[in-house]
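Asks: just a sequence and a predicted model for now, questions to come.
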Amino acid sequence: MFGLSKTQIEIRKAARDFAKGEFDKDQACELEKKGEFPEKIWKKAADLGFIGIHFPEEYGGGGLGIFENVLIVEEFCRRDSSIGIALALAGFASECVLRFGSDELRETFISGIPEGKMLSGGAFSETERGGDFTRIKTTAVKKDEEWIITGKKTHVLNGGDTGFYVVLCRTDSACGADEQGISMVLVESGRPGITAVDVGRKLGGNMTATADVSFNDVPVPVSNLIGIQGKGISQLDSFWDEARIVFAAQAVGNAQGAFDRTLEYIKGREQFGRKIAGFKVTQHKIADMATKIELARLITYQAALIMDHGKSDGRLSAMAKITAARTAMEVGAQAIQLFGGYGFMTEYEVERYYRDAKVIELLGGTQTIQKDAIAGIVIGKI
Ligand SMILES: Cc1cc2nc3c(=O)[nH]c(=O)nc-3n(C[C@H](O)[C@H](O)[C@H](O)COP(=O)(O)OP(=O)(O)OC[C@H]3O[C@@H](n4cnc5c(N)ncnc54)[C@H](O)[C@@H]3O)c2cc1C
């Protein structure tokens, strides 16, 4: 079904070779332990065109599709889950600017992402409102030629030393809790009045900073409004349709990486006088893992392909995300099991893959949120 084109095969090979040459296991363990972003690798990846391959060429991207981005993200996460996640999320939410921002915003802010000069973050969640963005409290009040942003966002990826945030704000208090009063505003991270406090060590995804970001009367030009005033929620939904496919690609790569390591291990490890790969029960576990990964890959590719053909299908994106993330969790757990006690040790990496899988499952909304999105489309208006 998915016969890759010659170019796509070359891109996948190039990403695989790059990851093989540049992702060092010991360095990855060290960076993960310290919670450091793999900056040098990111810059090299950007130089070679792996970051933002789906961005238009006029903004420094590769002018290719989400499908090609999926292939790269999958290969990176397969070779090293934590580095892969960090690189895949380096330009998180910048697609909101690309999709809806004015020419001026795009020209000013987008090229820094594929060039590896800038990170970006999506400041959507608030402490009391993780999934229901219609109830956010952060405000953007128009004063002369500026928006004044006030509020606190939580769990912001790349929060801190970032180039810019896409901030979800309430721009029209007259709308009450209505989503029509919510908009997206671009806020440069260096503006006075912004405080970013790192949340510290997490279970997984530790090479990407996550911060609580406070906006204390932060002024930005009115031209920093992204897209249409009052359309922040529908723009966010449209962004999630794309972002969920990229989360799914991270999960597929993560699952494949845990699987690769397991396959190698069971062929080498001997118990009761034979390789553990020789036990029927092990073989069936491997068969189940391989089947799940293939299914997750197929739905992820299908979602990416459909989006590249201009047909946004939120149902399929959420299905891909939920299927792939669950697969990564199940494959990761089984990988640890097949490694036995060694699976629990940092050295064998599968424990890190398992921890990273859990983060992917949470990013972009819990399973509840994904199922809400699927059911909302499948059932329609009641
Ligand atoms: C590492 C990490 C990075 C993140 N990065 C970002 C980021 O860059 N930007 C950003 O804005 N956010 C980010 N988030 C936030 C993330 O999107 C939220 O954590 C997630 O949406 C869940 O929200 P919550 O934590 O408030 O949980 P809650 O929404 O409080 O959910 C708690 C539990 O209640 C369940 N639940 C919630 N609503 C319902 C319902 N209606 N019916 C039944 N059950 C329900 C959930 O499934 C869950 O099990 C990040 C989170 C993590 C962990």
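Replies: Thanks, I have it. Numbering: from 1, shown residues only.

Asks: select the longest helix from this protein.
Replies: helix 232-268 (DSSP state H).

Asks: right, and the helix or strand after that one?
Replies: strand 270-271 (DSSP states H and E).

Asks: the ligand contacts on this protein?
Replies: 92, 121-122, 124-125, 130-131, 155-157, 202, 205, 210, 359, 362-363, 365-366, 368 (CB under 6 Å from any ligand atom). C-beta coordinates here come from the backbone N, C-alpha and C atoms, glycine included.

Asks: let's see it at 8 Å
Replies: 89, 92-93, 121-125, 127-132, 153-159, 168, 199, 202, 204-205, 208, 210, 359, 362-369, 372 (CB under 8 Å from any ligand atom).

Asks: tell me which of these fall in strands.
Replies: 121-123, 153-157, 168, 210 (DSSP state E).

Asks: in the stretch 101-250 of the chain, where is pLDDT below threshold?
Replies: 174-178 (pLDDT under 70).

Asks: where exactly do the strands run in the protein?
Replies: 120-123, 139-143, 146-157, 164-170, 182-188, 194-198, 210-221, 225-226, 270-271, 274-275.

Asks: Throw the ones you listed into JSON lines and include mean neighbour count, thanks.
Replies: Formatted as JSON lines, the strands of the chain follow (neighbours: other CB atoms under 10 Å):
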{"stretch": "strand 120-123", "mean neighbour count": "30"}
{"stretch": "strand 139-143", "mean neighbour count": "17"}
{"stretch": "strand 146-157", "mean neighbour count": "21"}
{"stretch": "strand 164-170", "mean neighbour count": "28"}
{"stretch": "strand 182-188", "mean neighbour count": "25"}
{"stretch": "strand 194-198", "mean neighbour count": "16"}
{"stretch": "strand 210-221", "mean neighbour count": "18"}
{"stretch": "strand 225-226", "mean neighbour count": "24"}
{"stretch": "strand 270-271", "mean neighbour count": "10"}
{"stretch": "strand 274-275", "mean neighbour count": "11"}
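
Asks: closest one to Ile377 among these?
Replies: strand 182-188 (20.9 Å; CB to CB).

Asks: isn't Gly253 right next to Ser82, touching?
Replies: No. Applying CB atoms under 8 Å, one finds Gly253 not in contact with Ser82, separated by 11.4 Å.

Asks: of the two, who's got more company?
Replies: The neighbour comparison of Gly253 against Ser82 (other CB atoms under 10 Å) goes to Gly253, with 34 against 26.

Asks: picking that back up, can you flag the buried ones in the residues of the chain next to the ligand?
Replies: The neighbour count (16 or more other CB atoms under 10 Å) marks 89, 92-93, 121-125, 129, 153-159, 168, 202, 204-205, 208, 210, 359, 362-365, 369 as buried among these.

Asks: ok, now which ones touch the residue in the stretch 51-200 of the chain that the ligand sits nearest to?
Replies: Closest residue of the stretch 51-200 of the chain to the ligand, CB to the nearest ligand atom: Gly130 (1.8 Å). Applying CB atoms under 8 Å, 6 or more residues apart in numbering to Gly130 gives the contacts 154-155, 366.

Asks: how about Leu64?
Replies: 7, 11, 53-54.

Asks: in CSV, list the C-alpha atoms belonging to stretch 97-111.
Replies: Extracted in CSV, the C-alpha atoms of stretch 97-111 (Å, rounded to 0.1, in the frame of the first residue of the first chain):
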residue,chain,number,x,y,z
VAL,A,97,2.3,30.5,12.6
LEU,A,98,3.0,28.7,9.3
ARG,A,99,-0.7,27.8,8.8
PHE,A,100,-2.4,30.9,10.1
GLY,A,101,0.2,33.7,10.6
SER,A,102,0.5,36.8,8.5
ASP,A,103,3.3,37.0,5.8
GLU,A,104,5.1,39.3,8.2
LEU,A,105,5.0,36.9,11.1
ARG,A,106,6.1,34.0,8.9
GLU,A,107,8.9,35.9,7.3
THR,A,108,10.2,37.1,10.7
PHE,A,109,9.8,33.9,12.7
ILE,A,110,9.6,30.7,10.7
SER,A,111,13.0,30.4,9.0
